[in-house]
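Peer 1: model this:
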Amino acid sequence: MAAVSGDEIRKAHMAMAMVQLFYGGYHVITKLALNVGVNQIVFCVFRDLIALAILAPLAYIREKRTRPPLTKRLLMSFFFLGLTGIFGNHLLFLIGLSYTNPTYAAAIQPAIPVFTFLLAVMMGTERVNLLRYEGLAKVGGTFSCVLGAVLMVLYRGPALIGYSEMDFVSLNEISAKGQPEPSGWLIGGLLDLGLDHFHLGVLCLIGNCMCMAAFLAIQAPLLKKYPANLSVTAYSYFFGAVLMVTTSFFATEESTDWRLTQSETIAVIYAGFIASALNYGLITWCNKILGPAMVALYNPLQPGASAILSRIFLGSPIYMGSIIGGSLIIIGLYAVTWASYRERHAAAGVISHGSWVSESFVRDKSSHRVNIFSSPSSVSPKPSD
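Peer 2: Next up is the predicted model:
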């Protein structure tokens with residue numbers, strides 16, 4: 001793959017920050033619109049179809065001459081991207097939210113960077129050497145981002161900006177009990193296995209995180225073989241929309257489920273245009289440049305973006321937990337970005353790797369040590385002069 005310029009890397013970081021801001025706006029809009037009782041799966045069907053209607057013609061026109069030919073292996077990869085990142089990611093989150101609560105659902109989301117990091121390391125798209133400062137910074141930065149996101153969700157503290165009111169949560173959060181639960185043979189069959197509603201919801205939320213992590217981890221090596229970013233996103237949404245539409249026939253029982261009010265229509269349009277077509281297009285492009293682990297690390301910024309936009313548009317206060325957690329997330333992102341910067345320059349020969357282990361120790365033990373987190377070339381002994 002061709003070398004990525006520093007300007008592209010900066011643009012990718014800015015794009016990922018914008019993606020989380022757009023997701024924050026999506027959360028604010030759904031807080032206002034979805035409490036009226038729209039069927040969640042119907043909402044996802046409309047959202048995915050709008051996104052597909054935007055991405056498909058755009059990808060066809062812009063990448064008509066540069067798009068590589070399709071093969072059965074590529075189609076299978078696109079199917080798995082649609083299954084995990086679109087269908088599984090959206091549907092499992094909705095079911096999990098219905099059977100637990102918004103706070104619990106938000107608390108599990110920081111697991112996405114952890115799952116993505118582990119999958120990327122196992123697939124070889126991310127290399128971590130724990131004997132180098134860069135490797136420690138990646139692990140520590142990931143932990144800091146996850147800790148910050150969990151802190152923002154579970155710890156409130158005093159209101160530092162705005163006035164605290166006891167009913168802000170009940171007024172402004174998406175109420176899971178206000179949403180119609182997914183129905184039909186799909187959920188009934190899972191409940192027949194002996195799981196209660198809450199544990200089924202927890203399993204679905206964990207599956208949601210694993211699906212998004214698998215989507216990012218699978219997509220990164222695919223983009224090296226099929227560099228048409230928009231086409232990858234469009235094909236993923238095609239398979240995801242087909243699966244979602246098929247599921248909706250078994251999960252909806254009344255024709256009234258498909259009728260939307262004006263506020264629901266606005267939320268669906270925003271979700272289709274911004275939260276789906278634009279955001280997933282940017283995520284795919286950034287995944288090609290930054291890699292899956294770095295892209296996933298921006299996920300914990302969503303609670304902070306939601307808090308800021310909720311303050312602006314809903315008047316919600318900003319609490320101490322949000323500020324402390326946001327600071328930890330920024331520190332973690334900086335640590336991983338610094339580590340990636342050092343690794344790129346070390347690979348180009350501009351700087352040397354920094355190690356917290358003495359060189360003589362590494363040299364003496366190199367013939368006996370096998371580091372499963374790094375490439376073979378990084379642990380081989382230096383040739384003698």
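Peer 1: can we go C-alpha only for contacts and neighbour counts from here?
Peer 2: OK.
Peer 1: how close does residue 110 get to residue 322?
Peer 2: 14 Å (Cα to Cα, to the nearest Å).
Peer 1: swap in residue 26?
Peer 2: Counting by Cα to Cα - residue 26 and residue 322 are separated by 19 Å.
Peer 1: Tell me which of these two has more neighbours.
Peer 2: Shown here are residue 26 and residue 322; by other Cα atoms under 10 Å, residue 322 has more neighbours (26 against 19).
Peer 1: Looks to me like the more buried one is in a helix.
Peer 2: Yes: remark: residue 322 belongs to a helix, assigned using DSSP: H, G, I helix; E, B strand; the rest coil.
Peer 1: correct me, but it touches residue 156?
Peer 2: Yes: Residue 322 is in contact with residue 156 according to Cα atoms under 8 Å; the separation is 7.1 Å.
Peer 1: Going along the chain, name the helices of the stretch 251-385 of the chain.
Peer 2: 262-270, 279-290, 292-296, 301-313, 320-347, 359-365 (DSSP state H, counting those that start in this stretch).
Peer 1: thinking residue 82 is in contact with residue 236, fair?
Peer 2: Yes: in this structure residue 82 lies within contact range of residue 236 using Cα under 8 Å: 4.2 Å.
Peer 1: Check the burial of the nearest residue to residue 111 once chain neighbours are set aside by counting its neighbours.
Peer 2: Spatial nearest neighbour of residue 111, chain neighbours left out: residue 209 (6.4 Å); criterion: Cα to Cα, 6 or more residues apart in numbering. Other residues lying near residue 209 total 26 when counted by other Cα under 10 Å.
Peer 1: residues touching residue 219, list them.
Peer 2: The contact partners of residue 219, by Cα atoms under 8 Å, 6 or more residues apart in numbering, come to 81, 284, 287.
Peer 1: Relative to residue 137, which of the residues you listed is nearest.
Peer 2: Proximity of the contacts of residue 219 to residue 137 (Cα to Cα) peaks at residue 287, which lies at 20.0 Å.
Peer 1: worst-scoring helix or strand of the chain, pLDDT-wise?
Peer 2: Within the chain, confidence by mean pLDDT, DSSP states H and E is lowest for helix 168-172 among all helices and strands, at a mean of 44.
Peer 1: from memory residue 289 sits against residue 7, does it?
Peer 2: No: Residue 289 is beyond contact range of residue 7, at 11.0 Å (criterion: Cα under 8 Å).
Peer 1: who's more crowded, those two?
Peer 2: Each of residue 289 and residue 7 has its neighbours counted (other Cα under 10 Å); residue 289 has more, 21 against 8.
Peer 1: Please report the distance of that one from residue 339.
Peer 2: 15 Å.
Peer 1: Give me the buried positions along stretch 42-62.
Peer 2: For stretch 42-62, a neighbour-count test (16 or more other Cα atoms under 10 Å) marks 42-56, 59 as buried.
Peer 1: for the record, mean pLDDT for that stretch?
Peer 2: Computed over stretch 42-62, the mean pLDDT rounds to 92.
Peer 1: For it, give me every contacting residue.
Peer 2: In contact with stretch 42-62 (Cα under 8 Å, 6+ apart) are residues 90-91, 230-231, 233-235, 237-238, 240-241, 244-245, 248, 252, 257-258, 268-269, 271-273, 276-277.
Peer 1: swap the cut-off to 6 Å and go again
Peer 2: 230, 231, 234, 237, 241, 245, 268, 271, 272, 273, 276, 277 (Cα atoms under 6 Å, 6 or more residues apart in numbering).
Peer 1: can you put these in JSON lines and add pLDDT?
Peer 2: Below are these laid out as JSON lines (pLDDT from 0 to 100):
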{"residue": "230", "pLDDT": "92"}
{"residue": "231", "pLDDT": "94"}
{"residue": "234", "pLDDT": "95"}
{"residue": "237", "pLDDT": "95"}
{"residue": "241", "pLDDT": "94"}
{"residue": "245", "pLDDT": "92"}
{"residue": "268", "pLDDT": "89"}
{"residue": "271", "pLDDT": "88"}
{"residue": "272", "pLDDT": "92"}
{"residue": "273", "pLDDT": "93"}
{"residue": "276", "pLDDT": "91"}
{"residue": "277", "pLDDT": "93"}
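Peer 1: Redo the residues you listed as CSV? Include neighbour count and distance to residue 77.
Peer 2: Shown next, in CSV, are the contacts of stretch 42-62 (neighbours: other Cα atoms under 10 Å; distance: Cα to Cα, whole Å):
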residue, neighbour count, distance to residue 77
230, 24, 15
231, 24, 13
234, 26, 13
237, 31, 12
241, 25, 16
245, 19, 20
268, 27, 28
271, 28, 25
272, 25, 23
273, 19, 24
276, 25, 20
277, 26, 19
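Peer 1: how about the residues you listed, which pair is most distant?
Peer 2: So, the contacts of stretch 42-62 by Cα to Cα: farthest apart are 231 and 268, at 22.8 Å.
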